[in-house]
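*Asks:* With the sequence up front, the predicted model follows.
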Amino acid sequence: MNAKRNINNLKKVSTILPQIFKKINKNGNSQLLEIKMNWTSIVGRKYAKKCHVLSLKKINKKNVLTIGCSNASLFELSYSTVEIKEKINHFFLRNVVDIIKYKKSLQI
């Protein structure tokens with residue numbers, strides 16, 4: 001009898017997946033999740049080893065990407081801001097990131 005009840009309660013995967021991804025990414029921001037998943041292929045190993053993505057927020061109608069990095073690589077990455085922004089926007093084939101901010105992080 002329990003087996004019949006469970007069969008009737010089946011849901012399609014297409015209806016469950018968006019709910020799961022919203023829980024993973026609290027803001028429902030699929031672009032941030034996409035950047036995090038493809039970070040190494042977007043910016044290359046050189047930068048991926050030195051930094052990681054923290055957040056993507058809309059502030060004053062501009063998309064601000066916050067990147068965490070160690071204190072030692074912060075200076076080098078700040079000079080590569082334009083290059084990193086171009087690589088991310090090229091990956092999405094549209095303007096996803098307007099501003100990049102860097103934050104000291106101990107996670108690297």
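*Replies:* Looks like it came in fine. Numbers count the residues shown, from 1 in each chain.
*Asks:* Report the central residue of the protein.
*Replies:* Leu32 (2.8 Å; Cα atoms, centre = their mean).
*Asks:* Could you measure from it over to Asn71?
*Replies:* 24 Å (Cβ to Cβ, to the nearest Å). For every residue, glycine as well, the C-beta is placed using N, CA and C.
*Asks:* Check Trp39 too.
*Replies:* Trp39 is 20 Å from Asn71, by Cβ to Cβ.
*Asks:* Out of the two, name the residue with the larger neighbour count.
*Replies:* More crowded of Trp39 and Asn71, by other Cβ atoms under 10 Å: Trp39, with 17 against 10.
*Asks:* That one - nearest residue in space that isn't next to it in sequence?
*Replies:* Excluding the flanking residues, the one nearest Trp39 by Cβ to Cβ, 6 or more residues apart in numbering is Ala48, at 5.5 Å.
*Asks:* isn't the one you found right up against Thr40?
*Replies:* Yes. Look at Ala48 against Thr40 with Cβ atoms under 8 Å: they come within range, at 4.2 Å.
*Asks:* Give the residue from those two that has the larger number of neighbours.
*Replies:* More crowded of Ala48 and Thr40, by other Cβ under 10 Å: Ala48, with 14 against 11.
*Asks:* all strands for this structure, in order.
*Replies:* 51-59, 62-69, 99-104 (DSSP state E).
*Asks:* measure the residue nearest to Trp39 to Asn60 for me?
*Replies:* On the measure of Cβ to Cβ, Ala48 and Asn60 end up 29 Å apart.
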